[in-house]
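In: can't give you the sequence, but here's the structure:
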């Protein structure tokens, strides 16, 4: 949620509940107006029944999976999430689904438990993009 709000408003808000939101946002990219629809699902809600998660996956064109560099569990669930996304999306077509893995909280490097190298290697092994960021900064 922090990254979504930062992307949409350029502001940082540190505390969020476990609410699910769909945001719409216009952005100009390479001179073209693009309308983004962002379905922001807190991690605590991502372990729901497969049918609801499948609907979310079928709805989306691309995926940004965010973990905290200070939380090993949030990183460890990524391979299963990505395999599930690929099974749902690529099972319908032969096109590769765009997936980006983002390590958040880079500003909290003193609390880091997941190295940048681990993030890069996971993304490479799963054919995903990778970034490390700080929503706070």
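Out: Received the coordinates, thanks. Given the structure is predicted, the values throughout are model-derived calculations rather than measurements.
In: CA atoms for contacts and neighbours, from now on please.
Out: Fine.
In: downstream of the longest helix seen in the chain, the next helix or strand is which one?
Out: Ranked by residue count under DSSP state H, the longest helix found in the chain is helix 78-90. Per DSSP states H and E, the first helix or strand lying C-terminal to helix 78-90 is strand 99-104.
In: that next one pairs with which strands, and in what direction?
Out: According to DSSP bridges, strand 99-104 forms sheet pairs with strand 63-68 (parallel), strand 129-132 (parallel).
In: okay, angle between that strand and helix 78-90 too, please.
Out: 150 degrees (axes from the mean of the first three to the mean of the last three Cα atoms, to 10 degrees).
In: so what touches strand 99-104?
Out: Strand 99-104 is touched from outside by 62-69, 82, 119, 123, 128-135, with contacts defined as Cα atoms under 8 Å, 6 or more residues apart in numbering.
In: again, but for stretch 55-73
Out: Residues outside stretch 55-73 that contact it (Cα under 8 Å, 6+ apart) are 39, 74-75, 78, 85, 88-89, 97-106, 108-109, 111-115.
In: ok, residue 35 - contacts?
Out: Taking Cα under 8 Å, 6+ apart as the test, what residue 35 contacts is 24, 25, 26, 27.
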